[in-house]
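Enquirer: structure, please.
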Amino acid sequence: MLSYNGFKEEVMMKETIKQKIKETKKEILLEVISELFEQKGFADLKMQDIAKHLDMSIGALYKIFASKEDLLLAYIEFEIKKFYSMLQEQTNNIDDPLLCLQHYVNLKFEVFKQKRRALEDPLMGDPLFFLKMGKKEYMLIEPILALLASWFEKLHAQTPLREHDFLKLAFLFNSYTNGYVEYWIVHNKDLNPTQVVELFLQGVGK
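Expert: Numbers count the residues shown, from 1 in each chain. Next up is the predicted model:
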């Protein structure tokens, strides 16, 4: 017979497993939903349309996402986490901060190119919320900004920069690259990640 503590641990373990299964299911659904948003946009889609695409009942969908707005926020968080994971994977074994910054720009441009339909949606506008974000959304990309700041700090150790607030540089660099994304949206010109980084560093270098 289980003791009270043993029973409590078993209940907690079952709840943890249940939660992980729920989170995994949610991630799988968001992967499919991401493809749908990128094909159809977000504004014209109804929850019924999304449920039908997922081959599930509207009631089951509402149990996972309380509203369409809740679904959009979950999508944004999912995409940002995926971007951060890909960025870490690409740069984990790279010591050169300049190369890491180039990887960031390249990945950012590639992701936006893949999500062209989402960019044109009047409600979504920006599938990663890198272009227009409130304070709440900025909290989601804080890990990305912290990673950028660490690269600027390493770069500063090699070649001193005028600005010593590396997190500030991360914000500026993020906004700077957003400008290139907007330029690409309007003019559909090819973007050169190496040139983008070089031009930014010319402005902040000594």
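Enquirer: ok, now which ones touch Y104?
Expert: Shown in contact with Y104 (Cβ atoms under 8 Å, 6 or more residues apart in numbering): 87, 91, 148, 151, 177. Placement of C-beta: from N, CA and C, glycine included.
Enquirer: among those residues, which two are most distant?
Expert: Greatest spatial distance in those: T91 and T177, 15.5 Å, computed using Cβ to Cβ.
Enquirer: re the thing from before, what about the contacts of Y104, which one has the most neighbours?
Expert: Neighbour tally across those (other Cβ atoms under 10 Å): the maximum, 25 neighbours, falls on L148.
Enquirer: got the contact list for that one?
Expert: Going by Cβ under 8 Å, 6+ apart, L148 touches 101, 104, 169-170, 173-174.
Enquirer: for the protein, which spans come out with low pLDDT?
Expert: Where the chain drops to pLDDT under 70, the residues are 1-24, 116-138, 205-206.
Enquirer: can you give me the helices for the chain?
Expert: 4-40, 47-54, 58-64, 68-91, 97-114, 116-119, 135-140, 142-158, 166-187, 193-204 (DSSP state H).
Enquirer: report the buried residues of the second one.
Expert: The neighbour-count check on helix 47-54 (16 or more other Cβ atoms under 10 Å) flags 50-51, 54 as buried.
Enquirer: closest to the centroid, which residue in this protein?
Expert: Centroid-nearest residue in the chain: I80, 1.4 Å away (criterion: Cα atoms, centre = their mean).
Enquirer: these two touch, right, that residue and E142?
Expert: No: look at I80 against E142 with Cβ atoms under 8 Å: they stay out of range, at 9.9 Å.
Enquirer: return every residue with contacts to both of the two.
Expert: Counting by Cβ under 8 Å, 6+ apart, nothing touches both I80 and E142.
Enquirer: on that earlier part again, and of the contacts of L148, the nearest to D44?
Expert: Using Cβ to Cβ, these come closest to D44 at N174, 29.9 Å.
Enquirer: from K168, how far out is the closest one?
Expert: To K168, N174 is 11 Å away according to Cβ to Cβ, to the nearest Å.
Enquirer: do Q114 as well
Expert: 30 Å.
Enquirer: using PDB, write down the CA coordinates of stretch 183-203.
Expert: Output of stretch 183-203 as PDB, limited to C-alpha atoms (Å, rounded to 0.1, in the frame of the first residue of the first chain):
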ATOM      1  CA  TYR A 183      12.300  46.800 -48.000                       C
ATOM      2  CA  TRP A 184      12.100  43.200 -49.400                       C
ATOM      3  CA  ILE A 185       8.300  43.100 -48.900                       C
ATOM      4  CA  VAL A 186       7.900  46.300 -51.000                       C
ATOM      5  CA  HIS A 187      10.600  45.800 -53.600                       C
ATOM      6  CA  ASN A 188      11.200  42.100 -53.600                       C
ATOM      7  CA  LYS A 189      14.900  42.600 -53.900                       C
ATOM      8  CA  ASP A 190      17.500  39.900 -52.900                       C
ATOM      9  CA  LEU A 191      19.000  40.400 -49.500                       C
ATOM     10  CA  ASN A 192      22.700  39.900 -48.600                       C
ATOM     11  CA  PRO A 193      23.100  38.900 -44.900                       C
ATOM     12  CA  THR A 194      26.800  39.600 -45.000                       C
ATOM     13  CA  GLN A 195      26.300  43.100 -46.400                       C
ATOM     14  CA  VAL A 196      23.500  43.800 -43.900                       C
ATOM     15  CA  VAL A 197      25.800  43.000 -40.900                       C
ATOM     16  CA  GLU A 198      28.800  44.900 -42.300                       C
ATOM     17  CA  LEU A 199      26.700  48.100 -42.900                       C
ATOM     18  CA  PHE A 200      25.300  47.900 -39.300                       C
ATOM     19  CA  LEU A 201      28.800  47.500 -37.800                       C
ATOM     20  CA  GLN A 202      30.100  50.400 -39.800                       C
ATOM     21  CA  GLY A 203      27.600  52.600 -38.000                       C
END
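Enquirer: I am finished for the moment; much appreciated.
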